[in-house]
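I would like to see how this sequence folds:
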Amino acid sequence: MLEGIGGLVVLILDIWALVAIINSRASTGAKVLWALLVLILPVIGFIIWFFAGPRGQTA
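Model prediction:
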């Protein structure tokens, strides 16, 4: 049961990261590389993106 909940949490966080990557002001190439990192390495990629990735647009 806990594995399913953990997997769901990782999925939600990765989707959030991908949306933030798409909405960032980074170049297209940077967006593609960040998205690939998050997709290929879901947990580690999310952690790296969270601390070093492009930031979303501010209002």
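
rest of the way, CA atoms for contacts and neighbours
Fine.

Grab the most central residue of the chain for me.
residue 17 (2.8 Å; C-alpha atoms, centre = their mean).

State the distance from residue 43 to residue 11.
Distance of residue 43 to residue 11, given as C-alpha to C-alpha, to the nearest Å: 9 Å.

for residue 19, same thing?
Noted for residue 19: a distance of 12 Å to residue 11, by C-alpha to C-alpha.

circling back to that earlier point, doesn't residue 46 make contact with the residue nearest to the centre of the chain?
Yes: under the criterion of C-alpha atoms under 8 Å, residue 17 is in contact with residue 46, at a separation of 6.9 Å.

Pull up the overlap in contacts between those two.
Shared contacts of residue 17 and residue 46, defined by C-alpha atoms under 8 Å, 6 or more residues apart in numbering, are found at residue 38.

Which helix runs longest in this protein?
Longest helix in the chain by number of residues (criterion: DSSP state H): helix 2-22.

Quick check: buried residues in that one?
13-15, 17-18, 20-22 (16 or more other C-alpha atoms under 10 Å).

Output the below-cut-off pLDDT ranges for this structure.
Where the chain drops to pLDDT under 70, the residues are 56-59.

from what I can see residue 14 touches residue 38, true?
Yes: with contacts counted by C-alpha under 8 Å, residue 14 reaches residue 38, the gap being 6.6 Å.

between those two, what contacts are shared?
The contact sets of residue 14 and residue 38 overlap at residue 46 (C-alpha under 8 Å, 6+ apart).

So what touches the longest helix of the chain?
For helix 2-22, the surrounding residues in contact (C-alpha under 8 Å, 6+ apart) are 31, 34-35, 38-39, 42-43, 46, 49-50, 53-56.

one more time with 10 Å, if that's ok
Contacts to helix 2-22, defined as C-alpha atoms under 10 Å, 6 or more residues apart in numbering, come from residues 23-24, 28, 30-36, 38-39, 41-43, 45-47, 49-50, 53-57.
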